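A.B. asks: Model the following, please.
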Amino acid sequence: MFNIGDRIVYPMYGAGVITEVVEKDFLGEARIYYNVSLPYCRMEASVPVDNCKKLGVRHIIKPERIGEVLEVLNKDTEPMNPNWNKRYRENTERMQTGDILEVAAVVRNLVRTDRLKPLSTGEKKLLSTAKQILESELVYSGGYTMEEADEMVETNI
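C.D. replies: Okay, the predicted model is just below:
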């Protein structure tokens, strides 16, 4: 499915590069894992090859799709649940899909909500994670710096 050097997205963590494919023992069973370097969240992850589809791991978007992301950021804010707890759960579920357009919509909605009324601590952390995921993929896809990706996101919301 993936090869060493492939740039991938690991939902809820962001974009990274597969650095190696290794076999590890898990509960007495040999399994194959992708070791992934996720520099923008400053971590390394081991992803079981046979769970990639279930986890939503995918290749980063092609540069031609960046325009779609910017369109989502420019759209009107979607109505969100007034209960912050339910809103948090709904936004987390959207991010877990791994779809960059869903992540962009979460970022847009939370940034605009925060501009009107400060977000809860949990939602601020969720927004920070969503922006990191979105911007890390823009960095890999478009060849931007993290600062350029952040500026692109902010100016299009």
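
A.B. asks: Assign V22 to helix, strand or coil.
C.D. replies: Per DSSP: H, G, I helix; E, B strand; the rest coil, the local secondary structure of V22 is strand.

A.B. asks: can you tell me which residues contact it?
C.D. replies: Counting by Cβ atoms under 8 Å, 6 or more residues apart in numbering, V22 makes contact with 32-33, 35, 46. To be clear about C-beta, it is placed using only N, CA and C from the backbone, and glycine gets the same treatment.

A.B. asks: Repeat the analysis, applying 6 Å as the threshold.
C.D. replies: By Cβ atoms under 6 Å, 6 or more residues apart in numbering, V22 lies in contact with Y33.

A.B. asks: In the chain, mark out all the strands, start to finish.
C.D. replies: Using DSSP state E, the strands of the chain run over 7-10, 14-26, 29-38, 43-48, 58-59.

A.B. asks: Compare the ones you listed and give me the one nearest T129.
C.D. replies: Minimum separation from T129 across the strands of the chain (Cβ to Cβ) falls at strand 14-26, 8.4 Å.

A.B. asks: Now the closest one: buried residues?
C.D. replies: The neighbour-count check on strand 14-26 (16 or more other Cβ atoms under 10 Å) flags 14-18 as buried.

A.B. asks: swap in stretch 84-97?
C.D. replies: Within stretch 84-97, the residues scored as buried using 16+ other Cβ under 10 Å are 87-88, 91, 94-95.

A.B. asks: got the CA positions of the lengthiest helix in the chain in PDB?
C.D. replies: Looking across the chain with DSSP state H, the single longest helix is helix 121-142. What follows is helix 121-142, C-alpha atoms only, in PDB (Å, rounded to 0.1, in the frame of the first residue of the first chain):
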ATOM      1  CA  THR A 121      -9.900  24.800  26.900                       C
ATOM      2  CA  GLY A 122     -10.700  21.500  25.200                       C
ATOM      3  CA  GLU A 123     -11.900  23.200  22.100                       C
ATOM      4  CA  LYS A 124      -8.800  25.400  22.000                       C
ATOM      5  CA  LYS A 125      -6.600  22.200  22.100                       C
ATOM      6  CA  LEU A 126      -8.800  20.600  19.400                       C
ATOM      7  CA  LEU A 127      -8.400  23.700  17.200                       C
ATOM      8  CA  SER A 128      -4.600  23.700  17.700                       C
ATOM      9  CA  THR A 129      -4.500  20.000  16.700                       C
ATOM     10  CA  ALA A 130      -6.800  20.600  13.700                       C
ATOM     11  CA  LYS A 131      -4.600  23.500  12.500                       C
ATOM     12  CA  GLN A 132      -1.500  21.400  12.900                       C
ATOM     13  CA  ILE A 133      -3.000  18.500  10.900                       C
ATOM     14  CA  LEU A 134      -4.200  20.800   8.200                       C
ATOM     15  CA  GLU A 135      -1.000  22.900   7.900                       C
ATOM     16  CA  SER A 136       1.300  19.900   8.000                       C
ATOM     17  CA  GLU A 137      -0.400  18.500   5.000                       C
ATOM     18  CA  LEU A 138      -0.300  21.800   3.200                       C
ATOM     19  CA  VAL A 139       3.500  21.900   3.900                       C
ATOM     20  CA  TYR A 140       4.100  18.500   2.300                       C
ATOM     21  CA  SER A 141       1.600  19.000  -0.500                       C
ATOM     22  CA  GLY A 142       2.500  22.500  -1.500                       C
END
